[in-house]
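Novice: Below are the sequence and a predicted model; questions follow.
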Amino acid sequence: MKYVLVSGGVISGIGKGIIASSAGLLLKTTGLKVTAIKIDPYLNVDAGTLGPLEHGECFVLKDGGESDLDLGNYERYLNLNLTNENNITTGRIYKAVIERERRGDYIGRTVQVVPHITDAIQDWIQRVAKIPVDDSGEEPDVCIIELGGTVGDIESMPFVEALTYFRYKVGKGNMVNIHVSYVPIIHGEEKTKPTQHAIKQMRSAGLIPDLIACRCERPLNTVTTQKIARSCQVEFEQVVTVRDIETIYQVPLLLEEQGLLDRLREALMLDQLPLSEPLVRKGSNLWELWKKTVVSKPYLDPVNIALVGKYIALPDSYLSVIKALEHSAMRCNRKLNLIWIDAEHLEDATLQSDPTTYHRAWSQLTIASGCICPGGFGSRGVPGMVKAAKWARECKVPYLGICLGMQVAVIEAARNLCGYVDATSEEFDQHAEHQVIIFMPEGSKEIMGATMRLGTKATHFQPGSEWSKLRALYGDNTIMEERHRHRYEVNPDFIKELEQSGLNFIGKDETGRRMEVVELKDHPFFVGVQAHPEFTSRVLAPSPTYLGFVAASIGCLDEVIRDIRQQRELSDKAHF
């Protein structure tokens, strides 16, 4: 097993996850099987209870794990299905060690950070790195490890200590450290001192940088790169520049141009690994398709999509939604123009501290070609989302409701089509008469962590739904499988009235009582899904749900559906 450790210095949030994903992609294009692990040095067991405005979105894995958003980057770039254990947190490690201590596994010994915590970290990495995570079903060849935060933070020191010894343990030629640093530009001058200090601190902690990735706004001068190499005791070729570019999907191309793959191949002695010819061809084809897909196309027309949400103050709260929209826009040969609208600004003008925000929000919404209401928790902003759903329904504007966005569409229909003016969710009003959205019977109101409906679940398209645009986007299959994360669901007691009003529940769970998909028949595209299909969208394989929404917003949905059906016919013939 080969390991690539990606660490960071100077400041956090400089793109370690993108660089880690890009390095993994370059390795995969050679025919290697790649996996990834993210280390988060916080005490939370997982990301499930972290607020989106503080930490960004919580990415849900196939097995139901609630993880850091960087695992979403790995899956999107590398086309993987990672597991809950691919996200290591301080809380998870300490919890495992303390549970062993309580069982008596360490009886007679004093349990300490070194060696018990550090050993647990190393054992976890070695065990998880062997788990098959791609369609080959085989053990990976290379594991990308991203160490969250910045080296030198007190909370990350046990991980630094563990990784320092881990490098010695796996042996020479089996581990490479890419250290990501930030090179600020002040009054036009490229400053190298922060990187010098970061590398010095990193070495004092025990980690050795094999490659230095310099994040910056523009290409660095050769003199600057030489200065960094000289002061950090590395060769000039071991310093790569990761400048700001048009799209993050071009970062692999940027790194490949600077010889990153050659450096990794040499340091990890990859030429000694036996590679199967089919995987080598597959990797080569992957690289050609990637380059063709992400190449700059400034001439493309934009597609204006309004995102009406609760957490727009931090765009990373909707990271997977943004990426799924980007993937779909690229597939449709359009450039995504995302219009951010705070749902609270769509509420009554009299409730606004500044009435101009109300008029500006509605002006932005009405020029959009499509409206998406993503997931969220709590009542804040929901009245504005309900109004957005009503506008999209009545004005025949493509609408996509994700999780809460689907529930909002149901609430809107109950109020304006069924006449229940007080219709709402139990989440917002526990005493309302018409609770069209209720708490799931099997849920827990006492324990918050990992008690939602999580992970991949099957949705069964109902008989008579052959007209459905969404079903056609899934190849006219009878089942769609997507990942879930919710505590509330549509109240079965109101289904009959809602369907009589024109709201069609075309997708249900295996019991037939849990509503999963709602769609309007006489509408260009009005779909609500309880699942989060953005989590399975890939750069080269957009989510069918998002692809349909974007295509409808452009006006080419029929063409996309026709292509999907033709591809399925060709696949069926080839299989036959």
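Specialist: Yep, it's here. Numbers count the residues shown, from 1 in each chain.

Novice: So Phe377: helix, strand or coil?
Specialist: Here Phe377 is coil, with the state taken from DSSP: H, G, I helix; E, B strand; the rest coil.

Novice: list the contacts for the residue nearest the centre of the chain?
Specialist: For the chain, the residue nearest the mean C-alpha position is Gly72 (3.2 Å; C-alpha atoms, centre = their mean). By C-beta atoms under 8 Å, 6 or more residues apart in numbering, Gly72 lies in contact with Glu57, Phe59, Leu319, Ser320, Lys323, Phe535. Yep, even glycine has a C-beta here, placed from its N, CA and C like the rest.

Novice: Tell me the secondary structure at it.
Specialist: helix.

Novice: next one: Leu319
Specialist: helix.

Novice: Gly455 now?
Specialist: strand.

Novice: Just give the nearest non-adjacent residue to it, would you?
Specialist: Excluding its sequence neighbours, the residue lying closest to Gly455 (C-beta to C-beta, 6 or more residues apart in numbering) is Gly64, at 2.9 Å.

Novice: Which helix or strand lies directly C-terminal to the one helix or strand Thr356 maps to?
Specialist: Using DSSP states H and E, Thr356 sits within helix 355-366. Using DSSP H and E, the helix or strand that follows helix 355-366 in sequence is strand 370-373.

Novice: elements contacting that following strand?
Specialist: strand 302-309, helix 382-394, strand 399-402, helix 404-416, helix 544-554 (3 or more C-beta pairs under 8 Å, 6 or more residues apart in numbering; DSSP states H and E).

Novice: Comparing the ones you listed, which stretch has the densest surroundings?
Specialist: strand 399-402 (a mean of 30; mean count of other C-beta atoms under 10 Å).

Novice: can I get the CA coordinates of it in CSV?
Specialist: C-alpha atoms of strand 399-402 as CSV (Å, rounded to 0.1, in the frame of the first residue of the first chain):
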residue,chain,number,x,y,z
TYR,A,399,-38.6,23.8,-9.6
LEU,A,400,-36.5,21.3,-7.7
GLY,A,401,-37.1,20.7,-4.0
ILE,A,402,-34.5,18.8,-2.0
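
Novice: neighbouring contacts of that strand?
Specialist: 321, 370-375, 389, 392-393, 407-409, 518, 523, 525-529, 531-534, 545-546, 549.

Novice: Ile178 versus Ala317, what's the distance?
Specialist: Small correction: residue 317 is Ser, not Ala. Counting by C-beta to C-beta, to the nearest Å, the separation of Ser317 from Ile178 is 28 Å.

Novice: go on, Glu101?
Specialist: Taking C-beta to C-beta, one finds Glu101 at 35 Å from Ile178.

Novice: Of those two, which one has the most company?
Specialist: Neighbour count, other C-beta atoms under 10 Å: between Glu101 and Ile178, Ile178 has more, with 26 against 14.

Novice: What strands line up against the host helix or strand of the more buried one, and which way round?
Specialist: Applying DSSP H and E as the criterion places Ile178 in strand 175-182. Sheet pairing for strand 175-182, assigned by DSSP bridges, gives strand 2-8 (parallel), strand 211-216 (parallel).

Novice: How far off centre is stretch 332-348?
Specialist: Distance of stretch 332-348 from its chain centroid, counting by C-alpha atoms, centre = their mean, to the nearest Å, is 19 Å.
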